[in-house]
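A.B. asks: Next comes the sequence, and after it the predicted model I'd like to discuss.
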Amino acid sequence: MNVYGLLGNPVGHSRSPPMHEAAYDELDMDARYVTFEPDAIAPAIEGAKALGIRGLNVTIPFKEDVLAHVEPDSLAERIGAVNTVDFSTSPPTGHNTDAAGARRAFERHDVSLDGKSAVLVGAGGAARAVAFMLADEGSTVAIANRTVARATSLADAVNGVGGEETATAHGLDELPELVADADVLVNATSVGMDSDETPVPADALHADLAVMDAVYSPLETRLLREASARGATTIDGAWMLLFQGVVAFELWTGRDAPVKRMDAALRRRL
């Protein structure tokens, strides 16, 4: 039996196990997906190697600390975080599938990002992955955050040393003006999670926007509800969650993921 899993603390709330287990069932694979809550990352990675675990997803609080214990690919190194570890190599390879998950969520809704003007709300872990993805796909990225210094730090990282100014930093008070002129809007904060709040004023939204909310509880956040009312294309947070898992599955197994089955299993738990 091949064993895969999730490393974090806490992980009891995770929706990843049923999503991956559904894929194993669909493809008749002798595999299981389990969760681990270690106190420290170094012994956890060594233990996983010793036990022959094939792959791990990594979540809070270990996404950054795990970098020192794997060989990150170029994207994970740029983002500064790993959320997927592949143990088929020595040393294990670290990937960031959050970026690919966000990209595939846009692709699923036929939203092109090349040459577009994007507004990203937030500058935390999920926002870092989305910011690099948007820039790599050819978008300009206006990063708006409560703490402007964090937005500036992320914009500088995306632009790189001597690079073209693809990303800019802003305060939340600039959102109405930024969104009014944007093609794409992504909320990568927790605003709206289990609450009827939104980070963006409704009157800034418009029909030419594609709006993705990383929040998946509830699936239809206030931001998405108000964007839909304005005629915008909306993408709920389950799509990014699904596709980051799909990309991890395909990295580990070398097989095409049964996306529909994984999506159905995920949405039953949301």
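C.D. replies: Here it is on my side, so go on.
A.B. asks: can you give me the helices for this protein?
C.D. replies: Remark: helices assigned in the chain by DSSP state H are 16-26, 41-51, 74-79, 97-108, 125-136, 148-159, 175-180, 222-229, 237-253, 259-268.
A.B. asks: any idea which of the ones you listed is most buried?
C.D. replies: Most buried of the helices of the chain, by mean neighbour count (mean count of other C-beta atoms under 10 Å): helix 125-136, with a mean of 25. Every residue, glycine included, has its C-beta placed from N, CA and C.
A.B. asks: what's that helix packed up against?
C.D. replies: Judged by 3 or more C-beta pairs under 8 Å, 6 or more residues apart in numbering; DSSP states H and E, helix 125-136 is in contact with helix 74-79, helix 97-108, strand 117-121, strand 140-145, helix 148-159, strand 184-187.
A.B. asks: wait, which of the helices of the chain is closest to Pro91?
C.D. replies: Closest approach to Pro91 among the helices of the chain (C-beta to C-beta): helix 41-51, 8.9 Å.
A.B. asks: what about the closest one, distance to the chain center?
C.D. replies: When C-alpha coordinates are averaged (C-alpha atoms, centre = their mean, to the nearest Å), helix 41-51 and its chain have centres 24 Å apart.
A.B. asks: Just the CA trace of that helix, in PDB.
C.D. replies: The C-alpha trace of helix 41-51 is given here as PDB (Å, rounded to 0.1, in the frame of the first residue of the first chain):
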ATOM      1  CA  ILE A  41       9.100  19.600  11.000                       C
ATOM      2  CA  ALA A  42      12.600  18.100  10.800                       C
ATOM      3  CA  PRO A  43      11.800  14.800  12.600                       C
ATOM      4  CA  ALA A  44       8.500  14.600  10.700                       C
ATOM      5  CA  ILE A  45      10.200  14.700   7.300                       C
ATOM      6  CA  GLU A  46      12.800  12.200   8.500                       C
ATOM      7  CA  GLY A  47      10.100   9.900   9.900                       C
ATOM      8  CA  ALA A  48       8.200  10.100   6.700                       C
ATOM      9  CA  LYS A  49      11.200   9.100   4.700                       C
ATOM     10  CA  ALA A  50      12.000   6.200   7.100                       C
ATOM     11  CA  LEU A  51       8.400   5.000   6.900                       C
END
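A.B. asks: Can you list the neighbours in contact with it?
C.D. replies: Applying C-beta atoms under 8 Å, 6 or more residues apart in numbering, the external contacts of helix 41-51 come out as 3, 5, 7, 36, 38, 56, 62, 65-66, 68-70, 85, 87, 92.
A.B. asks: Narrow those to just the buried residues.
C.D. replies: The neighbour-count test (16 or more other C-beta atoms under 10 Å) applied to those identifies Gly5, Leu7, Phe36, Leu56, Phe62, Val66, His69, Val70, Val85, Phe87, Pro92 as buried.
A.B. asks: Any figure for the gap between the spatially most central residue of the chain and Ser139?
C.D. replies: Geometric centre of the chain, nearest residue: Asp98, 3.1 Å, by C-alpha atoms, centre = their mean. Remark: distance between Asp98 and Ser139 (C-beta to C-beta, to the nearest Å) = 16 Å.
A.B. asks: And Leu224, by the same measure?
C.D. replies: Note on Leu224: its distance to Ser139, by C-beta to C-beta, is 20 Å.
A.B. asks: Ok, Asp30 next?
C.D. replies: For Asp30, the distance to Ser139 equals 42 Å [C-beta to C-beta].
A.B. asks: So for those two, which sits in the more crowded spot?
C.D. replies: Taking neighbours as other C-beta atoms under 10 Å, Asp30 and Ser139 compare with Ser139 leading, 25 against 7.
A.B. asks: wait, what's in contact with that one?
C.D. replies: Ser139 neighbours (C-beta under 8 Å, 6+ apart): Leu113, Asp114, Gly115, Lys116, Ser117, Ala118, Thr166, Asp183, Val184.
A.B. asks: what does Ser74 give?
C.D. replies: By C-beta under 8 Å, 6+ apart, no residues touch Ser74.
A.B. asks: again, but for the one 5 residues further on
C.D. replies: Contact partners of Ile79, counting by C-beta under 8 Å, 6+ apart, are Asn96, Asp98, Ala99, Arg128, Ala129, Phe132.
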